[in-house]
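Asks: only geometry, no sequence info:
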């Protein structure tokens with residue numbers, strides 16, 4: 001398995017793509033940024049999301065950039081609808097070169113205070129939605145002997161998130177799903193399964209998601225620009241890699257979790273509660289779990305109100321790295337005590 005961290009200094013090469021790209025979750029956030037990125041590179045695009053109106057806005061911008069675009073409203077939790085998405089792409093363009101599973105939703109709240117219907121919906125969208133996409137496109141990739149499947153996972157696939165138990169379950173499961181697919185496809189070297197693990201990204205997802213915490217949600221410092229994540233997608237379409245981590249603190253957070261997962265979980269819980277206790281009250285909402293999000297913005301607007309986010313991010317990664325070292329020392333001492 002290969003691993004690469006993507007830095008902001010990386011940039012796509014100057015040549016144009018001649019690929020057919022299917023992109024789910026294309027109406028806003030990372031999906032919209034990715035659609036526009038591929039459009040600027042000359043790719044043919046099949047854009048999917050639940051809201052046609054938002055998709056049409058993104059498609060118009062992609063067409064203005066010179067791309068040929070097919071809009072296909074799709075709920076990824078519906079396996080038959082995802083199969084129709086693949087069929088429509090093949091009917092229009094004759095092939096699929098890259099399939100990007102980008103849909104992701106969340107429900108914030110204590111596990112037993114959050115409705116089970118919400119938990120189920122998160123798993124259906126984040127895990128089964130990705131599985132539906134893979135199931136629809138892999139027969140085509142196998143028949144051609146080539147193709148790239150990109151699964152948007154997030155750092156949440158390695159580090160559990162208190163107050164987002166179903167999200168953690170879906171992302172941990174998705175990481176295992178991708179690993180299993182890579183093993184199954186090892187004898188088809190032209191077919192690639194790529195995982196993308198960004199830290200927190202400044203998208204509308206924070207305000208669009210379900211919130212059962214009773215408080216206003218604010219993402220932590222060190223947010224990523226969604227366009228940076230889009231550049232990773234472009235890079236993977238040319239040079240597939242198994243796993244790509246994006247954002248300061250990603251690797252150190254994974255290391256800290258590997259060394260002391262329970263302690264890491266308790267620290268995350270305390271940080272989450274500290275933030276919520278100081279946040280303004282908000283009514284509970286199902287957000288975009290059961291209905292499409294309204295709007296087609298790329299950004300969540302948090303970076304614009306945090307001019308010092310880079311400094312905060314740097315401080316955060318240093319703190320995380322020091323925490324990882326401290327956890328490593330604690331774990332080593334604990335093992336010595338147990339052995340003696």
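Replies: Okay, I see it. The model shown is predicted, which means the values in this text are computed figures rather than measured ones. Residues are numbered from 1 along each chain as shown.

Asks: go through stretch 237-251 and flag the buried ones.
Replies: Residues of stretch 237-251 classed as buried by neighbour count (16 or more other CB atoms under 10 Å): 237, 240, 241, 243, 244, 245, 246, 247, 248, 249, 250, 251. Every C-beta, even on glycine, is put in place using the N, C-alpha and C of the backbone.

Asks: mind picking the lowest-pLDDT entry from those residues?
Replies: Least confident of the buried residues of stretch 237-251 in the model: residue 249, at 77.

Asks: so which residues of the stretch 51-200 of the chain form helices?
Replies: Secondary structure of the stretch 51-200 of the chain (DSSP state H, counting those that start in this stretch): helices at 52-64, 79-93, 116-123, 129-144, 165-184.

Asks: of these, which is nearest residue 108?
Replies: Nearest to residue 108 among the helices of the stretch 51-200 of the chain is helix 165-184 (8.4 Å), distances taken as CB to CB.

Asks: list the contacts of that closest one.
Replies: For helix 165-184, contacts defined as CB atoms under 8 Å, 6 or more residues apart in numbering pick out 1, 106-107, 111, 114, 118-120, 122-123, 125-127, 130-131, 134, 138, 149, 151, 153-154, 156-158, 160-161, 193, 195, 242.

Asks: which among these count as buried?
Replies: Buried, going by 16+ other CB under 10 Å: 106-107, 111, 114, 118-119, 122-123, 125-127, 130-131, 134, 138, 149, 151, 153-154, 156-158, 160-161, 193, 195, out of the contacts of helix 165-184.

Asks: of all the helices of the stretch 51-200 of the chain, which one is nearest residue 28?
Replies: helix 52-64 (6.5 Å).

Asks: buried residues in that closest one?
Replies: By neighbour count on 16+ other CB under 10 Å, the buried set for helix 52-64 is 54, 55, 57, 58, 59, 62.

Asks: with distance to residue 82 and pLDDT added, can I get these in CSV?
Replies: Formatted as CSV, the buried residues of helix 52-64 follow (distance: CB to CB, whole Å; pLDDT from 0 to 100):
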residue, distance to residue 82, pLDDT
54, 19, 95
55, 15, 97
57, 22, 96
58, 19, 97
59, 19, 98
62, 21, 98
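
Asks: just put the residues you listed in a markdown table and tack on distance to residue 68.
Replies: Shown next, in a markdown table, are the buried residues of helix 52-64 (distance: CB to CB, whole Å):
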| residue | distance to residue 68 |
| --- | --- |
| 54 | 20 |
| 55 | 15 |
| 57 | 17 |
| 58 | 14 |
| 59 | 10 |
| 62 | 9 |
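
Asks: which of these sits closest to residue 210?
Replies: Nearest member of those to residue 210, counting by CB to CB, is residue 54, at 18.7 Å.

Asks: pretty sure that closest one sits against residue 27.
Replies: Yes - between residue 54 and residue 27 there is a contact under CB atoms under 8 Å: 3.8 Å.

Asks: which neighbours do those two share?
Replies: 292, 293, 296.

Asks: got the contact list for the last one?
Replies: Spelled out, that is residue 296. 27, 28, 32, 54, 55, 57, 58.
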